[in-house]
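Novice: sequence first, predicted coordinates after that:
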Amino acid sequence: MDNYFDVIVIGAGPAGISTAKQLSQKGKSVLVVDNNVANNYVQKGSVLSNSVLYYSYLYDMFINRIINFIDIKEKDVKVHVKKLRKSIDTIKNKLSKTFINELVENNISLKSGVAKFLNESSILIDDEVYEFDYVVIATGSTPKSLKLGSKINYLTLENFLNLESIPENITIIGGGYVGVEIAVIFKRFGAQVTIVEKEDKLLRDFDDFIVKKFEDALKKGGVNILKKVVPEKIERVGSKIIIFLNNGEKIETNETFVAIGREPNLANLDLEKAGIRVKDGRIKLNNYLQTSNKKVFVVGDATGFNMFVNWSYKSSEIVVDNILGAKRNYKKVTIPKIIYADPEIASIGITEQEAKEQKMNYEVIKYSFADIEKSAILGFSKGVIKIIYNKDDSKIVGAHVLGKGASELINIFGLMIQLKVGVEKIKTCIFNNPLFASILTDLSEAIRGKCCDS
Ligand SMILES: Cc1cc2nc3c(=O)[nH]c(=O)nc-3n(C[C@H](O)[C@H](O)[C@H](O)COP(=O)(O)OP(=O)(O)OC[C@H]3O[C@@H](n4cnc5c(N)ncnc54)[C@H](O)[C@@H]3O)c2cc1C
Ligand SMILES: NC(=O)c1ccc[n+]([C@@H]2O[C@H](COP(=O)([O-])OP(=O)(O)OC[C@H]3O[C@@H](n4cnc5c(N)ncnc54)[C@H](O)[C@@H]3O)[C@@H](O)[C@H]2O)c1
């Protein structure tokens, strides 16, 4: 039958593509359907924001370092948003083509269209019926909207590169992953930035001590941070936007960017027709990432948690194994989390708050780094590493790094945690210089001073 596949994957983001490739390599017939293939669909969030972060970093370096030794005036340098958009489109085009080629090379069928369930064993793709043994839902996530009934066109990830120019000032609602990365982008591009955050700290996933240092660094760099407040009303007055906060204060701003979280993209899937149960906007899943319809699994952002590309890949691997008959439990996975801001934050394993809650017999090693060769060369100085280890067996259970190079350094700790290596092993290794990893040579001295005399 033409319209039968062993597995139909809905969504061609990193989670869907990875699932499809692995299944096809195991001999399954696979169809991938995506409603956005023609539109440069690839990894919208990660690729877009990391590309702009990189360009903003170059701009910042140019203004603050390079201009100091070449003969050009700062007033001659400005961001050309249209050209920036073009550069980013080129990156997205290239990656989209690469991913589509990978599907072709792996004999995977790709169909453009919107998929929805017809019943427990068939789906509709733009009015055509397809049958399957299994479906993998990889439909990603969408941003939550600010429900204030205002007619303002807020900036979002999807539209902020349509700006004509960098605004003089911008207010970002939400101080999570997107909020702080967008704050750094606009700050580097020269805007005045305010973050409005509902909770009493930014980046609630991260260790309190690290977040406090991060907030201090942002404030020192000129970012205005308002915590424990939410907007109640937003109005446009002439060319300005006025944000009325629930503490009675108001903010006058040129643009407002909304980043208050994301939710699984389950719209139009008609899940109930396939007997798939949903609670509070999330598909109900067992430990194997399987829905209440045993033929249907979920991967990536559509699971509603761990919304990172690394989870897209890890969840795909787990689901592929489970479709092939294994019983892999997704709860045994440790996910590194990174904020590509200025300074970077990277974290893996548990925070000190969590160690306390778990009543663990833990110890903390903190190491501040400044003026290592690599940092001095690149012009960044301060950073901090915080390691939490279990005193009962000396195994590292959490590592939190703030500073330039954090996003690379964390992978070393990630390996140690995942391979269950004792903290004392750091001092038995040799690291190269000048690299950010050289910090680990100094860290081993801190470890020697603190624990594990062997
Ligand atoms: C601003 C931002 C920055 C980020 N930065 C990072 C980062 O630095 N590192 C990191 O690890 N993660 C980052 N992320 C998260 C990362 O982008 C996501 O975790 C990842 O893209 C999720 O992949 P996915 O395959 O689950 O979903 P997606 O990439 O969203 O793909 C889902 C696909 O499904 C399609 N689809 C949806 N419904 C249907 C339907 N009914 N029929 C057919 N097709 C459908 C969509 O069009 C889409 O193409 C960032 C996210 C954002 C928003
Ligand atoms: N570097 C990365 O890996 C990266 C980067 C960007 C996004 N992401 C992924 O995308 C997801 C979504 O990011 P996000 O930043 O939109 O969500 P988030 O959940 O990380 O942060 C949302 C923030 O908005 C706050 N908030 C909610 N309602 C508010 C209101 N009315 N007023 C003020 N503040 C409010 C929340 O308290 C929270 O701090 C992340 O959880 C992450 O998984 C990852």
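Specialist: Great, that's in hand. Numbers count the residues shown, from 1 in each chain. Ligands and ions are numbered 1, 2, ... in the order given.
Novice: let me know the pLDDT of the residue of the stretch 101-250 of the chain found nearest ligand 2.
Specialist: When distances are taken as Cβ to the nearest ligand atom, the stretch 101-250 of the chain reaches nearest to ligand 2 at residue 176, 1.7 Å away. Backbone N, C-alpha and C define where each C-beta goes, glycine included. Looking at residue 176, its pLDDT is 98.
Novice: ok, it - contacts?
Specialist: Residues near residue 176 by Cβ atoms under 8 Å, 6 or more residues apart in numbering: 202-204, 259-261.
Novice: among those, which one lies nearest to ligand 1?
Specialist: Among the contacts of residue 176, and counting by Cβ to the nearest ligand atom, the member closest to ligand 1 is residue 259, at 7.6 Å.
Novice: around ligand 1, pick out the residues from the stretch 201-350 of the chain.
Specialist: When proximity is defined as Cβ under 6 Å from any ligand atom, the stretch 201-350 of the chain approaches ligand 1 at 265, 268-269, 300-302, 307-310, 312, 340.
Novice: and stretch 367-381, which residues are buried?
Specialist: Buried residues in stretch 367-381, counted by 16 or more other Cβ atoms under 10 Å: 367, 369, 372, 374-375, 380.
Novice: same question for stretch 434-441.
Specialist: In stretch 434-441, counting by 16+ other Cβ under 10 Å, buried: 435-441.
Novice: what's the farthest-apart pair in those residues?
Specialist: 436 and 441 (11.3 Å; Cβ to Cβ).
Novice: break down the stretch 51-200 of the chain into its helices, ranges please.
Specialist: 81-105, 177-188 (DSSP state H, counting those that start in this stretch).
Novice: for the first one, name the packing helices and strands.
Specialist: Counting by 3 or more Cβ pairs under 8 Å, 6 or more residues apart in numbering; DSSP states H and E, the packing neighbours recorded for helix 81-105 are helix 14-25, helix 44-64, strand 109-112.
Novice: which among the ones you listed is found nearest to ligand 1?
Specialist: Closest approach to ligand 1 among the helices and strands packed on helix 81-105 is made by helix 44-64 (2.4 Å; Cβ to the nearest ligand atom).
Novice: bridged to residue 339, which residues?
Specialist: For residue 339, the beta-bridge partners under DSSP bridges are residue 345.
Novice: wait, it touches residue 175, no?
Specialist: No: with contact defined as Cβ atoms under 8 Å, residue 339 does not count as touching residue 175 (10.9 Å).
Novice: got any residues that touch both of those two?
Specialist: Joint contacts of residue 339 and residue 175 (Cβ under 8 Å, 6+ apart) are residue 203.
Novice: skipping adjacent residues, who's closest to residue 240 in space?
Specialist: residue 252 (5.3 Å; Cβ to Cβ, 6 or more residues apart in numbering).
Novice: distance check, the one you found against residue 361.
Specialist: Taking Cβ to Cβ, to the nearest Å as the measure, residue 252 falls 52 Å from residue 361.
Novice: and for residue 171?
Specialist: In terms of Cβ to Cβ, residue 171 sits 45 Å off from residue 361.
Novice: for these two, indicate the residue with more neighbours.
Specialist: residue 171 (26 against 10; other Cβ atoms under 10 Å).
Novice: what's near enough to touch that one?
Specialist: 193-196, 241, 243, 251, 253, 255-257.
Novice: switch to 7 Å and redo it
Specialist: 194, 196, 243, 251, 253, 256 (Cβ atoms under 7 Å, 6 or more residues apart in numbering).
Novice: and the residues you listed near ligand 2, which?
Specialist: residue 196.
Novice: make JSON lines out of the contacts of residue 171 and add pLDDT.
Specialist: Output for the contacts of residue 171, formatted as JSON lines (pLDDT from 0 to 100):
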{"residue": "194", "pLDDT": "98"}
{"residue": "196", "pLDDT": "98"}
{"residue": "243", "pLDDT": "96"}
{"residue": "251", "pLDDT": "97"}
{"residue": "253", "pLDDT": "97"}
{"residue": "256", "pLDDT": "96"}
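Novice: buried ones among the contacts of residue 171?
Specialist: Those of these that meet the buried threshold are 194, 196, 243, 251, 253, 256, by 16+ other Cβ under 10 Å.
Novice: list phi and psi for the closest residue to residue 420 other than its chain neighbours.
Specialist: Excluding its sequence neighbours, the residue lying closest to residue 420 (Cβ to Cβ, 6+ apart) is residue 395, at 5.4 Å. Phi and psi for residue 395, reported as degrees, to the nearest 10, are phi -70, psi 140.
Novice: so what sits opposite residue 395 in the bridge?
Specialist: Beta-bridge pairing of residue 395, defined through DSSP bridges, involves residue 422.
Novice: what residues of stretch 27-41 count as buried?
Specialist: By neighbour count on 16+ other Cβ under 10 Å, the buried set for stretch 27-41 is 28-37, 40-41.
Novice: same check on stretch 264-271?
Specialist: Buried, per 16+ other Cβ under 10 Å, within stretch 264-271: 264-266, 269-271.
Novice: still on that earlier bit, select from the contacts of residue 176 every entry located in strands.
Specialist: Judged by DSSP state E, strands contain none of these.
Novice: nearest residue to the closest residue to ligand 2 within the stretch 301-450 of the chain other than its sequence neighbours?
Specialist: Using Cβ to the nearest ligand atom, the single residue of the stretch 301-450 of the chain nearest to ligand 2 is residue 307, 3.1 Å away. Closest residue in space to residue 307, ignoring its immediate chain neighbours: residue 301 at 4.6 Å, by Cβ to Cβ, 6+ apart.
Novice: swap in residue 233?
Specialist: residue 244 (4.2 Å).
Novice: count of neighbours near that neighbour?
Specialist: Neighbour number of residue 244 under other Cβ under 10 Å is 15.
Novice: next: residue 294.
Specialist: Neighbour tally, residue 294, other Cβ under 10 Å: 12.
Novice: which pLDDT value belongs to it?
Specialist: 97.
Novice: now it: how far from ligand 1?
Specialist: Noted for residue 294: a distance of 21 Å to ligand 1, by Cβ to the nearest ligand atom, to the nearest Å.
Novice: for that residue, phi and psi?
Specialist: Torsion angles, degrees, to the nearest 10, at residue 294: phi -60, psi -10.
Novice: gap between the spatially most central residue of the chain and residue 177?
Specialist: Closest to where the C-alpha atoms of the chain average out (Cα atoms, centre = their mean) is residue 308, at 4.6 Å. For residue 308, the distance to residue 177 (Cβ to Cβ) stands at 9 Å.
Novice: rewinding a little: can you tell me the SS state at the residue nearest to residue 240?
Specialist: Following DSSP: H, G, I helix; E, B strand; the rest coil, residue 252 is assigned to strand.
Novice: now residue 215
Specialist: Strictly by three-state DSSP, residue 215 counts as helix.
Novice: how much space between residue 428 and residue 399?
Specialist: Where residue 399 is concerned, residue 428 sits at a distance of 17 Å (Cβ to Cβ).
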